[in-house]
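Asker: have a look; sequence and predicted model below, questions after that.
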Amino acid sequence: MASFRGIPIRLHFSLVLVLPLLAFAYGGVVRQAVRAAGAPSGTGMGASLLWGLGVAVGLFLSVLIHEMAHVLYALRTGGKVRSITLMIVGGVSEVTELPRRSRDEALMALVGPLTSVGLGALLLLTVWLLHETLAFSPRFALSYLAGLNFFLGAFNLVPAFPMDGGRILRGVLTGRMGLVRATRVASRVGKLFAGLFFVAGLLTFNPFLAFIAFLVFTGAEGESRQVQVRTVLEKLQVEQVMSPRFHGVELDTSLEEALGDLRRAKLLALPATDADRPVGWVVLADLMRVPGPERSVRTVREQVRPAVTVSPGDDAWSALRKLVETQPPLLLVLEQGRLVGTVDGNDLNAAVALHLASAEDREGRWPRWRQERPA
Ligand SMILES: [Zn+2]
């Protein structure tokens, strides 16, 4: 739709569906208020609907401003943001890299709700200043929008992931108990709130609340998992998680043979080498695009792509980030220009699973149970 400091702002398609509904609902609210106040109703139904649309559009602009506040703070403190998406339940800023200090993360989360509350106050002030000149409907619409902003600010402060309050809670706890435990606690609190939202949604027949409960629950789970993965991978080096591999597919190999090599290795890509010197890689999808009969006469040389590489000494977390950001099927591990291995998603998953399993072993229930028994 637009961009802000080079960050694309996207509109989720659900928004297109919900905007007319909201305009209609808010239009009804405006019409009721006009009636209750006994104010002159202007041009009637159409005018109320127009003000309703104004409130609905204003709400989405408010969400956008809330998100921009997060993004600006994230950028200022060294974070990276991939995109801002406006959705049915509000906005999502995809922050690919959080500020390193937990205090900055908490503040980044806090600026959003503060901005919403400030915007609400600004709208009320406008209404107050223009009290004499504005007709009833615009006055009511602006006040209503102010109320929505206050709600947006307050609701986001509920300490439940992935809402801002959850991040603030984690930021505050991280100083005391470290990132992993703080995330675990914040994630549990988030799930507790998700449960409360769900029950409240059932009791009040409010599907919207039940939907939020679902988002909060999955958000809490995902956040907890991400931090676990990051903590494990930051401690490991690429050479500990890679699959050792010293030979690639030579440039003069036929595509047919290369396809066989890929199938045997059970990989979507393999390093391409020229006299054992890595020059790039061949990707399964590229080979499959070549018509079958041609594969035995054409060679790997024409299908080589530039590879993404890491060093054995890099930490595994930065390898994962390279995989996520540039989306290659795997990374080549090079040491002084020589191929020593490859890393793909499976290697990293296995490393995390193994590490977590052995960590549970160390602090798990069974040994403790054994210690508690009298000798
Ligand atoms: Zn927010």
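Answerer: Looks like it came in fine.
Asker: does the strand or helix carrying Ala109 reach the ion?
Answerer: Taking DSSP states H and E as the criterion, Ala109 maps to helix 102-129. Yes. For helix 102-129 and the ion, the contact criterion (CB under 5 Å from the ion) is met by Gly112. Glycine gets a C-beta too; all of them are placed from N, C-alpha and C.
Asker: for that helix, give the mean pLDDT please.
Answerer: Per-residue pLDDT values over helix 102-129 give a mean of 88.
Asker: which elements pack onto the first helix or strand past it going along the chain?
Answerer: Following helix 102-129 in sequence order, the next helix or strand is helix 136-156 (DSSP H and E). If contacts are counted by 3 or more CB pairs under 8 Å, 6 or more residues apart in numbering; DSSP states H and E, helix 136-156 sits against helix 13-37, helix 45-76, helix 102-129.
Asker: how about Gly345, what does it touch?
Answerer: Leu323 (CB atoms under 8 Å, 6 or more residues apart in numbering).
Asker: no wait, Lys191
Answerer: Contact analysis of Lys191 by CB under 8 Å, 6+ apart lists Val216, Phe217, Ala220, Glu221.
Asker: could I get the residues you listed as CSV with secondary structure, neighbour count and pLDDT?
Answerer: Output for the contacts of Lys191, formatted as CSV (DSSP: H, G, I helix; E, B strand; the rest coil; neighbours: other CB atoms under 10 Å; pLDDT from 0 to 100):
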residue, secondary structure, neighbour count, pLDDT
Val216, helix, 25, 79
Phe217, helix, 20, 82
Ala220, helix, 25, 78
Glu221, helix, 15, 77
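Asker: coming back round to it: now the helix holding Ala109: buried residues?
Answerer: Neighbour-count burial for helix 102-129, with 16 or more other CB atoms under 10 Å as criterion, is recorded at 102, 104-117, 119-120, 123-124, 127.
Asker: run the chain-centre distance for it.
Answerer: Computed by CA atoms, centre = their mean, to the nearest Å, the chain-centroid distance of helix 102-129 equals 22 Å.
Asker: what's the burial count for Gln336?
Answerer: 6 (other CB atoms under 10 Å).
Asker: do the same with Gly337
Answerer: Counted with other CB under 10 Å, residues neighbouring Gly337 total 8.
Asker: please tell me how far the closest residue to it other than its chain neighbours sits from the ion.
Answerer: Closest residue in space to Gly337, ignoring its immediate chain neighbours: Arg277 at 7.0 Å, by CB to CB, 6 or more residues apart in numbering. Separation of Arg277 from the ion (CB to the ion, to the nearest Å) stands at 50 Å.
Asker: before we move on, what about Leu215?
Answerer: In this structure, Leu215 and the ion are 13 Å apart, going by CB to the ion.
Asker: okay, and that residue sits in which element?
Answerer: helix 207-235.
Asker: mind listing what's buried in that helix?
Answerer: Buried residues in helix 207-235, counting neighbours by 16+ other CB under 10 Å, are found at 209-210, 212-213, 215-217, 219-220, 223-224, 227-233.
Asker: what is the least confident helix or strand in the chain?
Answerer: Within the chain, no helix or strand scores below helix 365-372, which has a mean of 41 by mean pLDDT, DSSP states H and E.
Asker: which residues does the closest residue to the ion within the stretch 101-250 of the chain contact?
Answerer: Proximity of the stretch 101-250 of the chain to the ion (CB to the ion) peaks at Gly112, 3.0 Å away. Shown in contact with Gly112 (CB under 8 Å, 6+ apart): His66, Glu67, Ala69, His70, Gly153, Asn156, Asp164.
Asker: care to break this structure down by domain?
Answerer: Following automatic domain parsing, one finds the domains of the chain at 2-235, 239-352.
Asker: where among the ones you listed is the average confidence lowest?
Answerer: Among the domains of the chain, domain 2-235 carries the lowest mean pLDDT, a mean of 80.
Asker: quick one: it to chain centroid distance?
Answerer: What separates the centre of domain 2-235 from the centre of its chain is 15 Å, taken as CA atoms, centre = their mean.
Asker: could you point out which element follows the helix holding Leu215?
Answerer: Later in the chain than helix 207-235, the nearest helix or strand by DSSP H and E is helix 238-241.
Asker: thinking Ala25 is in contact with Leu53, fair?
Answerer: No. The pair Ala25 and Leu53 does not pass the contact test of CB atoms under 8 Å, sitting 10.8 Å apart.
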